[in-house]
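Chemist: Turn this into a model:
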Amino acid sequence: MNLSRAKTVLIYTFLLLNVFLCYQLWQDQGYGGFAAFGRKEEISRLEGELQKAGLLLETDLPKTIGPMAYLVVEPWHYSPAEVIASFWEILEGKGEPRPEVAIHLGAGDEEKEENNLAGYFFGRYELIPSKTGVATLKYMLQENEKDELIAREKIAWQLVNNLTIFEDFVPDYSCSTGEGKIVLFRQEYEGFPLFAGYLHYSSLERQRIVQFYRLEVLGFAGQEREIVPPSTALLRFLEVYNGTEAGACIIEFSLGYYTREYDAERWEIPPVWRIRLNNGELYYINAFTGNVEI
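Modeler: Sure thing, here's the model as predicted:
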């Protein structure tokens, strides 16, 4: 074999090797389970940490995406009168005359009075705004109203589908508790879940509670940063997880944005990995630092 032919063989060999390695890298990052870890010792470590924590991973780890940026947000400023009118039309019908709105300053609960603003009574409903922007609507079912599961969830869908304040909300998940059923919706921005914006519809015996919070999104901050891989985020979570229920399962592992409610004018929120357990627990891992968001 001459030198020129040997060089050609070597070039094609290295080319095929690179193609194979690229395929392996794509396969590892594109599929779930522990594939994103790659090496056997790392997979064994993750499996061991899950076993130690008493957790099962019942969902695939998502694909790692490219750099992301902070999201710049402002609180949503709303008129209680407009919210009351909108809710009344959906819950009671446009043809029903709305009663006078009575304002109250609290019910003797010091903590409630400190965090909440003046509340509003209209008919059987009570709307309670808070300084952080969270609003809570409470009401009791009337004696002749049907208390059916389908009817409960239908009301939550009617609110999201018919009120413009929820036009960027999508279904999140639902769960059952010892007290009743909870249906959850979340805000979205340019395809990313905005876990900070939400609507919770709770049915507790004959009481109904609608708690909602939304943010005004100004856009992404200019500079993008690399995010921690999902496998790394999972390990960081397992380092701090105390374990509250034997045999709990991780049923969701997803990427979005999250922040606590703040009484502020404007702030930046980071991307997070959200980890949801089958017992209702939620954890948010900062996708820039790997720290648990509290």
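Chemist: name the element Pro171 belongs to?
Modeler: Following DSSP states H and E, one finds Pro171 within strand 169-176.
Chemist: Partner strands of that strand and their direction?
Modeler: Sheet pairing for strand 169-176, assigned by DSSP bridges, gives strand 180-189 (antiparallel).
Chemist: Measure how buried Ser44 is and give me the count.
Modeler: The number of residues packed near Ser44 is 12, by other C-beta atoms under 10 Å. Every C-beta, even on glycine, is put in place using the N, C-alpha and C of the backbone.
Chemist: Where does pLDDT dip in the protein?
Modeler: 1-39, 106-116, 146-152, 178-179, 244-246 (pLDDT under 70).
Chemist: Need the residue closest to the centroid of it.
Modeler: Phe195 (3.1 Å; C-alpha atoms, centre = their mean).
Chemist: Verify the stated contact: it with Tyr258.
Modeler: Yes: using C-beta atoms under 8 Å, Phe195 is in contact with Tyr258, at 4.3 Å.
Chemist: Mind listing the shared neighbours of these two?
Modeler: Jointly contacting Phe195 and Tyr258 under the rule C-beta atoms under 8 Å, 6 or more residues apart in numbering are Val272, Arg274, Tyr284.
Chemist: Pipe these into JSON lines and attach distance to Ser176 and secondary structure per row.
Modeler: As requested, the shared contacts of Phe195 and Tyr258 are exported to JSON lines (distance: C-beta to C-beta, whole Å; DSSP: H, G, I helix; E, B strand; the rest coil):
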{"residue": "Val272", "distance to Ser176": "25", "secondary structure": "strand"}
{"residue": "Arg274", "distance to Ser176": "20", "secondary structure": "strand"}
{"residue": "Tyr284", "distance to Ser176": "23", "secondary structure": "strand"}
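Chemist: what packs against whichever strand in the chain runs longest?
Modeler: Ranked by residue count under DSSP state E, the longest strand found in the chain is strand 192-204. Using 3 or more C-beta pairs under 8 Å, 6 or more residues apart in numbering; DSSP states H and E, the elements in contact with strand 192-204 are strand 68-75, helix 149-162, strand 169-176, strand 180-189, strand 207-213, strand 215-225, strand 248-257, strand 271-277.
Chemist: Can you give the contact residues for stretch 235-254?
Modeler: 45-46, 49-50, 52-62, 173, 193, 228, 230, 234, 273-279, 281, 283, 285, 290-292.
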